[in-house]
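Participant: Need a 3D model of the following:
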Amino acid sequence: MERATDAVLVISESDDLHADAMAATLREQHGLDPIRLDLREFPTETGSFRLDKAGTNRTMSHLHGLDDVRAVWWRRPHPCRVPSGVRAADDEFRQAECDGFIQGMLWSIPAYWVNDPAAERTAARKIVQLETAQRAGFTIPETLITNDPDEARSFVESRSGPVVYKRTGTGRGEFSETRIITRPDLGRLVSIRSTPTTFQDYVEASCDLRVVWVDGVEWAVRIDSQAGVGRVDSRLDTSVAFAPDRLPASVSKSLATLMGALGLSFGVVDLRLGTDGEYYFLEVNPQGQFAYLEIKTGLPLFTSLANLLVRGDGSVPGW
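Facilitator: Below is the predicted model of the structure:
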């Protein structure tokens, strides 16, 4: 059912280019200015939540209209920025109180969330993704995630072909490239004691695909990753060819099942088409980058997401 709203809240970094582009799209195509919030503005800016017989009231000193919000884009927010004091214990207490207030006030807004923060927190865990994707019918490269150096070495040495290693978490740390493990790397496995690492069979690829999922509308982009330096990690080379593509019906079905099971209305999914003809699931990023895909292909990705926020339907007429 189509749902229209004229009150959209975008929670993101104040300098996030995706949030800037979404705000421009909402203004140009729907004639509305979204409310924008960077959580780092609190507690410098004050906020209040009031509950009485008349209902609820949410206010922040620099924003207007929080109680009118009907759709929210939860887009890579930072935690609150609480000034440091003398005692670490006091800092931890203040941080917890500020996070508890701002998250509780926002999450209590009865709006359509893209994505629901609770669902997204679970869905962002790669182990959850892999297990759920396999149940949804995707082919998954054989995988070991461990902080046990002996277990990792045994896995790598037992495989008949190359093995890649990559990060397991999804934090804001420095970009971490997916790499094929080499013999010298085996001598450094002791370092995973404090850094659980993902090891997977390397999939010989025909190409990679990045799929932007907008609540049932899938925008697939074929990346000619094997033509450049991004043969192992397609993120390393954006100079290769990018083109709109369509997924086979069976893969689309698995994708819909996966996203439904994870409770995500939006996500950027990485797949690899192997030389064996199989579509391998690699991961889904609930807050993935996609602006470059629109630039490369002309697909109306921001329009689709804006339509979802305003109308509850990510389809784009004519596409």
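
Participant: so who does residue 271 touch?
Facilitator: By C-beta atoms under 8 Å, 6 or more residues apart in numbering, the residues touching residue 271 are 208, 209, 210, 211, 251, 279, 280, 281, 282. (C-beta placed from N, C-alpha, C; glycine too.)

Participant: Can you tell me which of these lies closest to residue 293?
Facilitator: residue 210 (6.1 Å; C-beta to C-beta).

Participant: any chance you could map the strands in the stretch 201-319 of the chain?
Facilitator: 205-214, 217-223, 242-245, 266-274, 279-285 (DSSP state E, counting those that start in this stretch).

Participant: and those as TSV, adding mean pLDDT and distance to residue 85?
Facilitator: Shown next, in TSV, are the strands of the stretch 201-319 of the chain (pLDDT from 0 to 100; distance: least, C-beta to C-beta, whole Å):
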stretch	mean pLDDT	distance to residue 85
strand 205-214	98	43
strand 217-223	98	47
strand 242-245	98	49
strand 266-274	98	38
strand 279-285	97	35
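
Participant: burial count for residue 284?
Facilitator: 24 (other C-beta atoms under 10 Å).

Participant: Could you export the contacts of residue 271 as a markdown table, including neighbour count and distance to residue 119?
Facilitator: Formatted as a markdown table, these follow (neighbours: other C-beta atoms under 10 Å; distance: C-beta to C-beta, whole Å):
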| residue | neighbour count | distance to residue 119 |
| --- | --- | --- |
| 208 | 24 | 26 |
| 209 | 22 | 24 |
| 210 | 25 | 21 |
| 211 | 23 | 19 |
| 251 | 22 | 22 |
| 279 | 17 | 24 |
| 280 | 21 | 24 |
| 281 | 24 | 19 |
| 282 | 24 | 20 |
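
Participant: Thought residue 145 was touching residue 195, still the case?
Facilitator: No - in this structure, residue 195 is not within contact of residue 145 by C-beta atoms under 8 Å, at 11.3 Å.

Participant: Dump the helix or strand of the chain with the lowest mean pLDDT to CSV, keeping only the CA atoms.
Facilitator: Sorting the helices and strands of the chain by mean pLDDT, DSSP states H and E puts helix 183-186 at the bottom, at a mean of 92. Output in CSV follows, covering the C-alpha atoms of helix 183-186 (Å, rounded to 0.1, in the frame of the first residue of the first chain):
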residue,chain,number,x,y,z
ARG,A,183,53.0,-18.9,3.0
PRO,A,184,54.6,-16.0,4.9
ASP,A,185,51.1,-15.1,6.3
LEU,A,186,50.9,-18.5,8.0
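
Participant: Any chance you could list what contacts it?
Facilitator: Residues outside helix 183-186 that contact it (C-beta under 8 Å, 6+ apart) are 153, 156, 165.

Participant: Of the strands of the stretch 201-319 of the chain, which is nearest residue 175?
Facilitator: That would be strand 279-285 among these, by C-beta to C-beta, at 13.1 Å.

Participant: quick one, the closest one and strand 205-214 angle?
Facilitator: Following axes from the mean of the first three to the mean of the last three C-alpha atoms, to 10 degrees, one obtains 40 degrees for the angle between strand 279-285 and strand 205-214.

Participant: Remind me what strand 279-285 packs against, helices and strands.
Facilitator: helix 126-135, helix 249-262, strand 266-274 (3 or more C-beta pairs under 8 Å, 6 or more residues apart in numbering; DSSP states H and E).
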